[in-house]
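Enquirer: I'll drop the sequence and a predicted model, then ask my questions.
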Amino acid sequence: MRRWIAIAALAACAAGCGGKSGGKQQVVFWQFWPTATVTPIVERFEKENPDLDVVVEQLTWQAGQEKIAAAVASGKVPDLVALGSTWFPAFAHQGALADWTDSSATLQDSLRLWPMASMDGRVYGLPWLGGTRALFYNKELFARAGIDSSKGPETWTELFAACQKVNALGGGVSGYGANAGERYVLFKKFMPYAWSNGGTILSDDMKRVTFDSPANVVALRFYLALAAAGRTDQQAAIDLAFKQGKIGCVLSGAWLLKQIPKDAPELRYGVCLVPRPDTGRHLSFAGGEILSTFAKSANPTGAWRLARFLTRADNALVIAREQKSVQPAAVMPADDAYFLSHPEERVFLDQLASAVPTPNHPEWGRMEAAIETAVEEALYKRLTPEKAVAQAAHEIQAALASPQASSSSPRPGAR
Amino acid sequence: MRRPGDLGLAGWVFLSPWLISFLVFGLYPIAASFLLSFRDYSPLSAGPSPYVGLANYAEALRDGTFWHALRNTLFFTFGTLPFTTAIALGLAVCLDRAFPGRTIFRAGFFLPTVVSVVVLSIVFRGLYAPDGPLTGLFQAFGVRAPLLDPRTALPSIMAMDVWAASGYYMVIFLAGLKSIPGELYESAALDGAGSWRRFVGITLPMLRPTFLFVLVVNTIRSLQIFTEVFIMTRGGPLDSTLTVVYYLYDQAFYRFRLGYASAVAYLLFAVTLAIALLQMRWLKLAGAKE
């Protein structure tokens, strides 16, 4: 008898618990972080907003984009979604996302990375978290090679000299770790040098190709020199070799800050800004996550309130602190206690402040592939740096001139 | 009087679990993607997807990357097929005889089939890594890391595929060997035929239906190679491992061009069908029973 009551109660819950419970409005939120990290933040939000009930679903980076695309196609979209910055242009371009230009106007000064969340001058989401690349260097190898290991290389000249000296140590040790052999990665490792050297990809209005420039040729020549003073490999293998103490310098992400204490607690390493050319700046690649709602979402106001809460500096910092691979997109106070006590993460926060997001152009996927192919052809010595840069510029021009991305629907903001 | 082929209600009921799932998850997507291949469709686009006729097909046929991917796929298929078949047959013949420990060998060679391709790919990516356990072997051939060299990346994946697939086809050949009547071998032996003569004169011709099955199934599977590429190289370096299915995946789920990707899928289907028909004719079994 008792069992039957339990089953009946379960059945009643299954029927009733899914919808609005106790007069609360539901906010369905799709995101990528482990529930253990996100749940406490969401619970605080629910306490502050007793009329809202947040349902969190965790996506994976492998299948997430397909799942979101399928949701848009079927019309069964969540209220709030975290989008990877590389996916953003495709979703924004095709009118799937709601326009937040007006509501976000007051937040312009409290959040950074707005270009990442905008397209054609309209804002389609709030920048939530930012990820960038900085230079990791092995202090022990630096010391063995007779280089001052108290600070990282500041300029290209210093970086190249350090890589050469470390590379000369031999015994399976490489000066630099350069990427090759897989898609979607090499771009993020080459462009920081190009940007630091004043190079660009498109004009600011995204109407002209500006990639074929002496600045980019020089940057590519420098990247090839770095690769020659080290090894070329896939990202996971480079990270592993760095943790094993076999690589002197490498551009990598803040995820290493979480992995190294776990996988290689003995490793003595430092982090510094991407080295600059003698006359240039320390620029890096900016990626990250944007919180957006869909044009067809059931609860856009609830989504906005949740997005606003999540992007607040203190809440975004919770994720940065636990996961390390990202920093808050919110502008942090210069004397923030956490970053003062975590200098490596501070480097990433500083690097992010000047980092360059990729252009939110609907054909961006083709442009990125064009740059990666060209750099890789140069790495494999099939093209000279000049020809590689010219070839990439030619392909980018083709993407500008004959778009392939579907644009059958007007964007909400363009109406 | 019930006609042959008339299943009756009970027959349909028993068939229904498979039939319904086939109609919903098999036939419907096949038909829908065929219709999609004539449209400019993006899952993100709110508006209608315009009918573009054969434009998607025309674009694929003009696209050098598609042809490059098709060349890679054909190279993969016809580069692995002879090795997989020969090794599977050789193993089957060896393991058909009775000797102690036979079951262990059979199970051992079949084992890769049971393991997920994803796991195999990750393991092999480690084996092929520059500091991996086989580095010395590769360096003897002047290659530092097979997956990072555009000349050796695809052959490396092919080698793994041969290793992983041979065991499965070995089992099929073993079943084929079991169906050959022992009397044939006995009388041939009485006539003085040696073991090589018996293999060429009896085993090979009698295995013809098995060969057809192995060839066609292996060809279809190889033409659809995707997972290994997805895990190990993502099409790189320099598109040297870009296959047709990886190309269409990239178009469908990174560029959201589902219409174009569907057209590529149907072009691959046409190629597959043509090759399978040629294989059947070649083995002179086109009209024979399955």
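Expert: Perfect, I can see it now.
Enquirer: Give me the most central residue, the chain.
Expert: This is for chain A. By CA atoms, centre = their mean, chain A has its centre lying nearest to A:Gly287, at 2.4 Å.
Enquirer: Chain B was what I was after
Expert: Centre-nearest of chain B using CA atoms, centre = their mean is B:Arg221, 1.8 Å out.
Enquirer: tell me the contacts of it?
Expert: Neighbouring residues of B:Arg221 by CB atoms under 8 Å, 6 or more residues apart in numbering or on different chains: B:Ala165. Glycine gets a C-beta too; all of them are placed from N, C-alpha and C.
Enquirer: Chain A versus that one, what's the distance?
Expert: 23 Å (CB to the nearest CB, to the nearest Å).
Enquirer: in which helix or strand would I find that residue?
Expert: B:Arg221 belongs to helix B:208-223 when assigned by DSSP states H and E.
Enquirer: where are the low-confidence patches of chain B?
Expert: B:1-5, B:46-47, B:284-290 (pLDDT under 70).
Enquirer: now stretch A:188-200: how far from the chain's centre is it?
Expert: Here stretch A:188-200 is found 16 Å from its chain centre; the criterion is CA atoms, centre = their mean, to the nearest Å.
Enquirer: contact partners of it?
Expert: Here stretch A:188-200 makes contact (CB under 8 Å, 6+ apart) with A:133, A:156, A:178-179, A:201, A:210-211, A:213, A:215-216, A:218-220, A:222-223, A:251, A:274-277, A:280-285, A:287, A:356, A:371, A:375.
Enquirer: what residues does the stretch 51-200 of chain A put near chain B?
Expert: Within the stretch 51-200 of chain A, the positions near chain B by CB under 8 Å from any CB of the partner chain are A:65-66, A:69-70, A:72-73, A:90-91, A:93-96, A:172, A:180-184.
Enquirer: hmm, back to that, show me what the residue nearest to the centre of chain A is bridged to.
Expert: A:Gly131 (DSSP bridges).
Enquirer: correct me, but it touches A:Leu129?
Expert: No. Using CB atoms under 8 Å, A:Gly287 is not in contact with A:Leu129, being 9.5 Å away.
Enquirer: Which helix or which strand is home to B:Ala159?
Expert: Going by DSSP H and E, B:Ala159 is in helix B:153-178.
Enquirer: now check that helix, is it near chain A?
Expert: Yes. Using CB under 8 Å from any CB, helix B:153-178 reaches chain A at B:Ala153.
Enquirer: Now do the buried residues in that helix.
Expert: Using 16 or more other CB atoms under 10 Å in any protein chain shown as the test for burial, helix B:153-178 gives B:153-174, B:176-177.
Enquirer: same check, this time on stretch B:78-88
Expert: B:79-81, B:83-85, B:87-88.
Enquirer: from these, which single one is nearest chain A?
Expert: When those are compared for distance to chain A (CB to the nearest CB), B:Gly79 wins out at 20.3 Å.
Enquirer: For the closest one, which non-adjacent residue is spatially closest?
Expert: In space, B:Gly79 comes closest to B:Met158 once its chain neighbours are excluded; the distance is 5.3 Å by CB to CB, 6 or more residues apart in numbering or on different chains.
Enquirer: right, and the helix or strand after the helix holding B:Arg221?
Expert: Per DSSP H and E, the helix or strand that comes after helix B:208-223 is helix B:227-232.
Enquirer: packing partners for that following helix?
Expert: On a contact count with 3 or more CB pairs under 8 Å, 6 or more residues apart in numbering or on different chains; DSSP states H and E, helix B:227-232 meets helix B:117-127, helix B:153-178, helix B:244-253.
Enquirer: now the angle from the last one to helix B:208-223?
Expert: By that I understand helix B:244-253. 40 degrees (axes from the mean of the first three to the mean of the last three CA atoms, to 10 degrees).
Enquirer: what's the helix or strand just after helix B:244-253 in contact with?
Expert: Next along the chain after helix B:244-253, taking DSSP H and E as the criterion, comes helix B:258-282. Residues outside helix B:258-282 that contact it (CB under 8 Å, 6+ apart): A:404, B:33-34, B:36-43, B:49, B:52, B:56-57, B:59-61, B:66, B:70, B:73, B:77, B:212, B:215-216, B:219-220, B:223-224, B:244-245, B:247-249, B:251-252, B:286.
Enquirer: Let's see that with 7 Å instead.
Expert: For helix B:258-282, contacts defined as CB atoms under 7 Å, 6 or more residues apart in numbering or on different chains pick out B:33-34, B:36-37, B:39-43, B:49, B:56-57, B:59-60, B:66, B:212, B:215-216, B:219-220, B:223, B:244, B:247-248, B:251-252, B:286.
Enquirer: out of the residues you listed, which are buried?
Expert: B:33, B:36-37, B:39-43, B:49, B:56-57, B:59-60, B:66, B:212, B:215-216, B:219, B:223, B:244, B:247-248, B:251-252.
Enquirer: of these, list those near chain A.
Expert: B:40, B:42-43, B:49 (CB under 7 Å from any CB of the partner chain).
Enquirer: so which strand or helix has the nearest residue to A:Gln391 once chain neighbours are set aside?
Expert: Of all residues not flanking A:Gln391 in the chain, A:Ala374 sits nearest, at 5.1 Å (CB to CB, 6+ apart). Secondary structure from DSSP H and E places A:Ala374 in helix A:364-379.
Enquirer: what about that helix, distance to the chain center?
Expert: Distance, centroid of helix A:364-379 to centroid of chain: 18 Å (CA atoms, centre = their mean).
Enquirer: Tell me the helices and strands packed up against that helix.
Expert: helix A:186-196, helix A:214-228, helix A:385-401 (3 or more CB pairs under 7 Å, 6 or more residues apart in numbering or on different chains; DSSP states H and E).
Enquirer: any chance of these in TSV, with mean neighbour count and mean pLDDT too?
Expert: Below are these laid out as TSV (neighbours: other CB atoms under 10 Å in any protein chain shown; pLDDT from 0 to 100):
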stretch	mean neighbour count	mean pLDDT
helix A:186-196	26	93
helix A:214-228	21	95
helix A:385-401	19	94
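Enquirer: Distance to B:Leu95 added to those, as a markdown table?
Expert: Formatted as a markdown table, the helices and strands packed on helix A:364-379 follow (distance: least, CB to CB, whole Å):
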| stretch | distance to B:Leu95 |
| --- | --- |
| helix A:186-196 | 46 |
| helix A:214-228 | 48 |
| helix A:385-401 | 52 |
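Enquirer: I'd say A:Ser85 and A:Phe285 touch.
Expert: No. With contacts counted by CB atoms under 7 Å, A:Ser85 stays clear of A:Phe285, the gap being 10.1 Å.
Enquirer: is it true that the residue nearest to the centre of chain A touches A:Gly131?
Expert: Yes. At 4.8 Å, A:Gly287 counts as touching A:Gly131 under the criterion of CB under 7 Å.
Enquirer: before we move on, the earlier item: just the buried ones out of the residues of the stretch 51-200 of chain A next to chain B, please.
Expert: By neighbour count, with 16+ other CB under 10 Å, those hold A:65, A:69, A:72-73, A:90-91, A:93-96, A:180-183 as buried.
Enquirer: If anything else comes up later, I'll come back, but that's it for now.
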